[in-house]
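>>> Predicted model follows, preceded by the sequence.
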There are 2 protein chains.
Amino acid sequence: MKKEKKNIAAIIQFRRSVCRILITTLLTFVFISNLAAQNKTQMVRLAKLVIDSAQLENYKAALKEGIETAVRIEPGVLTLYAVAEKNNPTHITILEIYADADAYKAHIQTPHFKKYKDITKDMVKSLELVDTDPLIPGMKIK
Amino acid sequence: MKKEKKNIAAIIQFRRSVCRILITTLLTFVFISNLAAQNKTQMVRLAKLVIDSAQLENYKAALKEGIETAVRIEPGVLTLYAVAEKNNPTHITILEIYADADAYKAHIQTPHFKKYKDITKDMVKSLELVDTDPLIPGMKIK
């Protein structure tokens, strides 16, 4: 009778272990496929702009406000990293990373993006949007 | 006598509070100035490369290995975010962010950077290094 109880306890223990392993494997799989999906659907772009030199400071203020708002309140805007060339300060490049195409579509409908577009429409001399593939999706800035 | 003891206790308590406030203020000041220094000395650059189309896959493998090693083992390499243009896959742009000029100087002396340079020397058709100023230093990728 005692041995039987021991056997039952061992079986229960074994079943619990198997369950735990299965659940861990399943969660790992879900996590990895989410990660893969996230990286696969990311939209990564370079925006190359030339700004009217007389309006450069106003342009940069409007861009800064637009970017800070977007990054703060839109979870799907992963970064908008803007740089000005030291030797050509009117030449601005923005590395734009969106979680996916829907996040981008939502972004251009936001009041802050529309405000930025409106304020800067006569400041931008040229705008080139270059779609890209990231070499290492998921790369961060430390 | 009892009153005197109370007074001494109050004075000690007051001194402790003042000390605590001073230390907190000092630490806050050190933290903020470090943060400011960190952002002021950052080196942010765009590397624009055109790769020989016949060697593109080999080039990308070497670049990927070089970047992954640098970002993993060099604390001063804050990011090396590389993209290939969808319409011109041989056109590669890398957003390079180093903690400061010393971090960059150390980076180009590392074995992994030298290995990358050596492997890719006949794959790179052109390389333009563009020094830039970031619009928002400290911007991250979520």
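Thanks, I have it.

>>> For the rest of this, base every contact and every neighbour count on C-alpha atoms.
OK.

>>> domains of chain A?
Listed domain ranges for chain A are A:1-41, A:42-132 (source: automatic domain parsing).

>>> Determine which stretch of those is the most buried.
domain A:42-132 (a mean of 17; mean count of other Cα atoms under 10 Å in any protein chain shown).

>>> So A:Leu95 sits against A:Lys48, correct?
No: using Cα atoms under 8 Å as the test, A:Leu95 is too far from A:Lys48 to be in contact (9.1 Å).

>>> Tell me which residues touch the nearest residue to A:Leu49 once chain neighbours are set aside, please.
Of all residues not flanking A:Leu49 in the chain, A:Leu127 sits nearest, at 4.5 Å (Cα to Cα, 6 or more residues apart in numbering or on different chains). Each residue near A:Leu127 by Cα atoms under 8 Å, 6 or more residues apart in numbering or on different chains is listed here: A:47-50.

>>> same thing but at 10 Å, please
A:47-51, A:92-93 (Cα atoms under 10 Å, 6 or more residues apart in numbering or on different chains).

>>> Does the helix or strand hosting A:Lys64 pack against any helices or strands, and if so which?
Assigned by DSSP states H and E, A:Lys64 belongs to helix A:56-73. Here helix A:56-73 touches strand A:43-51, strand A:77-85, helix A:111-120, going by 3 or more Cα pairs under 10 Å, 6 or more residues apart in numbering or on different chains; DSSP states H and E.

>>> Compile those into CSV and extend it with columns for distance to A:Val71 and mean pLDDT.
Shown next, in CSV, are the helices and strands packed on helix A:56-73 (distance: least, Cα to Cα, whole Å; pLDDT from 0 to 100):
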stretch, distance to A:Val71, mean pLDDT
strand A:43-51, 15, 98
strand A:77-85, 6, 98
helix A:111-120, 11, 98
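
>>> of all these, which lies closest to B:Pro134?
strand A:77-85 (4.3 Å; Cα to Cα).

>>> Tell me what angle the closest one forms with strand B:43-51.
Here strand A:77-85 runs at 90 degrees with respect to strand B:43-51, directions being taken by axes from the mean of the first three to the mean of the last three Cα atoms, to 10 degrees.

>>> Sheet partners, orientation included, of strand A:77-85?
Strand A:77-85 sits in its sheet next to strand A:91-98 (antiparallel), strand B:124-134 (antiparallel), going by DSSP bridges.

>>> lowest-confidence helix or strand of chain A?
In chain A, no helix or strand scores lower on mean pLDDT, DSSP states H and E than helix A:2-41, which sits at a mean of 64.

>>> Name all residues that make contact with the most centrally placed residue in chain A.
Nearest residue to the geometric centre of chain A (Cα atoms, centre = their mean): A:Leu78, 2.8 Å. Residues near A:Leu78 by Cα under 10 Å, 6+ apart: A:42-44, A:70-72, A:96-100, A:103, A:140, B:140-142.

>>> For B:Pro111, state which of those is nearest.
A:Lys140 (22.8 Å).

>>> Count the residues that sit near that closest one.
Around A:Lys140 sit 16 other residues, with neighbours defined as other Cα atoms under 10 Å in any protein chain shown.

>>> still on that earlier bit, tell me, what's touching A:Leu95 and A:Lys48 both at once?
A:82-83, A:130.

>>> Output those residues in a markdown table; the columns should cover distance to A:Leu63.
Shown next, in a markdown table, are those (distance: Cα to Cα, whole Å):
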| residue | distance to A:Leu63 |
| --- | --- |
| A:Ala82 | 9 |
| A:Val83 | 11 |
| A:Val130 | 19 |
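
>>> for those residues, which one is nearest A:Lys114?
Once Cα to Cα is applied, the member of these that ends up nearest A:Lys114 is A:Ala82, at 18.2 Å.

>>> Identify the residue spatially nearest to the closest one, adjacent ones excluded.
Once flanking residues are discounted, A:Ala82 sits nearest to A:Ile94: 4.2 Å by Cα to Cα, 6+ apart.

>>> Turn the domains of chain A into JSON lines, including distance to B:His112.
Formatted as JSON lines, the domains of chain A follow (distance: least, Cα to Cα, whole Å):
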{"stretch": "domain A:1-41", "distance to B:His112": "26"}
{"stretch": "domain A:42-132", "distance to B:His112": "26"}
